[in-house]
Every structure is written in C-alpha cells, then in structure tokens.
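S.K.: coordinates only, sequence not included:
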C-alpha cells in the first residue's frame, strides 16, 4: 500500500499543478475574439489591409504621403534597414507603448513592414482594431520589397 499511496500522491500533484500550467486567460481570449471576429471576408474585401511592394513603390513615385513603419527587431533593422525619408522604426514588442502609438500618423497611409509579412499582418490587424484605419501590411515583407525593387522600379524615387 505504501507504493500505491506514493503513486497516488504524485498523480494528484501532477494533476493539481498541471492544471495551473495549462490555464487559459479568458479575458485575453475575449479581447482576441472581439478583435478577430471583425475580420470577416466581407469586411476584409471592403477594406483591404494588405499592399504589394509594387503598390508601395507606385504610391511613393506618385508622391503620396506614405509612412513606412518597420516593426522588425533592432537587430534585424541593423542588418538591413529602411532609408526612405518617411520611415518609422518601432520594434513590434514596443509598438503598443503609448509613446510609440503617438508617433504613428493618422493623416497618412502607414505601411507596416516586417521580414516576411507575418508579423506585419498581425500588427496591422491589432492597430486597425485599435482605431488606426490608415494602416496596411506589406505583403511579403521587406524580403518581397527587396526582390521587387530594382534600378528600373526605383527611378524617380527620392
């Protein structure tokens, strides 16, 4: 019986503590549900939130007042950075700090850029949910922009 009590005690401890480690943050889930439930096919079709590298280059060539918001880490930015005059560099982990949200213009198109586009789309959804309707994610990220940009496509960009 001694061994059985030990196994039972261990099993009870695992179940007790295991339940705590697999807890779910219900309040956070409700916030995400509210945010993502707005992202229906119809809503996205009416208000597309992704732009292609070609569209970005065309906006810049036309002289549109566009801001490129680079949300990559500081290490990523130090290797390959944006030199466009209207660039903001705010890493994603610092994006929702009040002082950084104040830097994001509301009167211009803001193109969110990361390496591949995955973080940019998540940040764009979150920013749009918070009321930044002028924010768009760059499809394919800085990698796609670099692939698209050639001496031929950049003519006329200052």
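M.R.: Perfect, thanks for sending it. Note that the structure is a prediction, hence the values are computed from the model and not measured.

S.K.: domain map for this structure?
M.R.: 2-37, 49-154 (automatic domain parsing).

S.K.: okay, those domains, which one's buried deepest?
M.R.: domain 49-154 (a mean of 16; mean count of other C-beta atoms under 10 Å). Quick note: C-beta positions are derived from backbone N, CA and C, even for glycine.

S.K.: report the distance from it to the chain centre.
M.R.: Its chain's C-alpha centre lies 9 Å from the corresponding centre of domain 49-154 when counted by C-alpha atoms, centre = their mean, to the nearest Å.

S.K.: cool, stretch 23-41 as well?
M.R.: Worked out by C-alpha atoms, centre = their mean, stretch 23-41 lies 16 Å from the chain centre.

S.K.: show the average pLDDT along that stretch.
M.R.: Per-residue pLDDT values across stretch 23-41 average out to 77.

S.K.: likewise stretch 98-105?
M.R.: Here the average pLDDT along stretch 98-105 is 96.

S.K.: contacts for that stretch next, please.
M.R.: 67, 69, 88, 90, 94-95, 110, 127, 130, 132, 134-135 (C-beta atoms under 8 Å, 6 or more residues apart in numbering).

S.K.: what's the span of it from first residue to last?
M.R.: Start to finish, the residues bounding stretch 98-105 are 13 Å apart (C-alpha to C-alpha, to the nearest Å).

S.K.: which of the domains of the chain has the lowest average pLDDT?
M.R.: domain 2-37 (a mean of 62).

S.K.: tell me if residue 110 really is in a strand.
M.R.: Yes - under DSSP: H, G, I helix; E, B strand; the rest coil, residue 110 sits within a strand.

S.K.: use 12 as the first number for this chain going forward.
M.R.: Sure thing, new numbering starts at 12, so read that last one as residue 121.

S.K.: and it, bridged to which residues?
M.R.: residue 78, residue 146 (DSSP bridges).

S.K.: hmm, residue 80 and it touching each other?
M.R.: Yes - assessed by C-beta atoms under 8 Å, residue 121 is found in contact with residue 80 at 5.3 Å.

S.K.: joint contacts of those two?
M.R.: 99, 115, 146.

S.K.: can you name the helix or strand that the spatially most central residue of the chain falls in?
M.R.: For the chain, the residue nearest the mean C-alpha position is residue 134 (2.5 Å; C-alpha atoms, centre = their mean). For residue 134, the host element (DSSP states H and E) is helix 129-140.

S.K.: perfect, I'm done here.
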